[in-house]
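J.: Quick one: sequence plus predicted model below, questions after.
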Amino acid sequence: MQPTQKFEEDVAFVREAVEKRDRRQYNSIAIVVLWAIILVAGYVVNDFRPEISHLYWPIATSIGFLISIWIGVRAKRVEGVARRSEGAKHTLHWGSLFFTIAAIVFIAQRHSLDGWVMGQYITLISGVTWYLGGLHLDRRFLLPGIVCIVSAPAVDYLAPYPWTMAGLAIAASLIISALWMKPHEKSTV
């Protein structure tokens, strides 16, 4: 095999891997659907069973976070483009939300804020985290971030089920953003 031919094959392989990665950036909608379900269920709990919200949210989000990592790692392996640094960046970014929410909970308890206000702060911080994730990790988190930020104060004005309405709006924005902004397969013709 000629060195030039080998070089061309290597370049073609790298180009194909990069194009494959770009086409499959949002490898699976499974993570989005998982979080849409977790969020809607949690916001429904906030409206209809607020006394168990303090149990639902830490348990559901912790399990969801671990499942998301598993889905993401598995999808990257199937894709054949596994970059450990990219996975670590996502894990650290989304994991920072847990530390921020824990700080909000401690501050809220110290200052006797009720669960409603604490939920608004958590929704606001979650929206900011998603929006920043959209700026720095994947643009598909921009719209859900904005909807989440707007939902934080909006629950004071929505009726009759404000948290449920906010949860449905946030979940819809996640799914719409994932489908609408999904990269299209490039034709080889």
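T.: In hand now; what should we look at? Numbering: from 1, shown residues only.
J.: Low-confidence bits of the chain, can you list those?
T.: For the chain, applying pLDDT under 70 flags the ranges 1, 17-27, 79-84, 182-189.
J.: give me that answer again for 90
T.: In the predicted model, the chain carries pLDDT under 90 at residues 1-29, 69, 72-91, 94-95, 137-139, 178-189.
J.: the strands in it, which residues?
T.: According to DSSP state E, the chain carries no segments that qualify as strands.
J.: Could you pull out the helices in it for me?
T.: Under the criterion DSSP state H, the chain carries helices at the ranges 3-23, 30-48, 53-79, 84-110, 115-136, 142-154, 162-180.
J.: Who are the packing partners of the second one?
T.: In this case it means helix 30-48. The contact analysis (3 or more CB pairs under 8 Å, 6 or more residues apart in numbering; DSSP states H and E) places helix 30-48 against helix 53-79, helix 162-180. For every residue, glycine as well, the C-beta is placed using N, CA and C.
J.: Touching it from outside, list them.
T.: In this structure, residues lying in contact with helix 30-48 by CB atoms under 8 Å, 6 or more residues apart in numbering are 26, 52-53, 56-57, 60-61, 64, 67-68, 71-72, 119, 161-164, 166-168, 170-172, 174-175, 178.
J.: Buried residues, it. List them.
T.: Neighbour counts using 16 or more other CB atoms under 10 Å place 31-32, 34-36, 38-40, 42-47 of helix 30-48 among the buried residues.
J.: Let me know the angle separating that helix from helix 142-154.
T.: Using axes from the mean of the first three to the mean of the last three CA atoms, to 10 degrees, the direction of helix 30-48 lies 10 degrees away from that of helix 142-154.
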